[in-house]
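[1] Build me a structure from this.
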Amino acid sequence: MTGVLSLVMPAFNEAATIEQAVQRVLDQECVGQLIVVDDASSDATPRILAGLKDPRVVVLTHASNRGKGAALRTGIGRAELPYVGSKMPTLSTTRLICHAF
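    Sure thing, here's the model as predicted:
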């Protein structure tokens, strides 16, 4: 199974972890699209996201902080693949488990 999951990642002031968190998500073979919603970060998060060049990454930006729920709704609205999930930009070692049923 390759690239069937659109994953939404809300982000607010995540400069310390965002790049590594994005890479860990993209390392999962079932992720075909990663939608990162920057919820009006005031740190280096927008600059880091702008530097991401993987074509599977879509970066969306809120002009003002609207919260995690709004970021999730924004991202879900842009999902293009059959399955949608969400992941916070933490460095947890949790692996995504994708199975066809």
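[2] And the helices in the protein?
    With DSSP state H as the criterion, the chain has helices at 18-26, 45-50, 68-76.
[3] Which one of those helices lies nearest to Pro82?
    Smallest distance to Pro82 across those (Cβ to Cβ): 13.2 Å, for helix 68-76. The way it works is simple: take the backbone N, C-alpha and C, and place the C-beta from them, glycine included.
[4] Residues contacting that closest one, please?
    For helix 68-76, the external contacting residues (Cβ atoms under 8 Å, 6 or more residues apart in numbering) are 8-12, 35-37, 39, 60, 62, 84, 86.
[5] what comes up buried for that helix?
    71-72, 74-75 (16 or more other Cβ atoms under 10 Å).
[6] right, so of the helices of the chain, which gets closest to Leu91?
    Of the helices of the chain, the one closest to Leu91 (Cβ to Cβ) turns out to be helix 18-26, at 5.9 Å.
[7] which helices and strands sit right next to that closest one?
    Packing contacts for helix 18-26, counted by 3 or more Cβ pairs under 8 Å, 6 or more residues apart in numbering; DSSP states H and E, involve strand 5-11, strand 31-38, helix 45-50.
[8] what is the rounded mean pLDDT of that helix?
    Helix 18-26 shows a mean pLDDT of 93.
[9] and what of stretch 38-52?
    On average, stretch 38-52 scores 98.
[10] quick one: buried residues of it?
    Buried-residue list, stretch 38-52, by 16+ other Cβ under 10 Å: 38-39, 41, 45-46, 48-49, 52.
[11] Show the end-to-end separation of that stretch, please.
    13 Å (Cα to Cα, to the nearest Å).
[12] just to revisit the earlier point, in JSON lines: the contacts of helix 68-76, plus distance to Val22.
    Compiled in JSON lines, the contacts of helix 68-76 are given as follows (distance: Cβ to Cβ, whole Å):
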{"residue": "Val8", "distance to Val22": "12"}
{"residue": "Met9", "distance to Val22": "7"}
{"residue": "Pro10", "distance to Val22": "13"}
{"residue": "Ala11", "distance to Val22": "9"}
{"residue": "Phe12", "distance to Val22": "15"}
{"residue": "Ile35", "distance to Val22": "11"}
{"residue": "Val36", "distance to Val22": "7"}
{"residue": "Val37", "distance to Val22": "12"}
{"residue": "Asp39", "distance to Val22": "15"}
{"residue": "Leu60", "distance to Val22": "14"}
{"residue": "His62", "distance to Val22": "18"}
{"residue": "Val84", "distance to Val22": "17"}
{"residue": "Ser86", "distance to Val22": "14"}
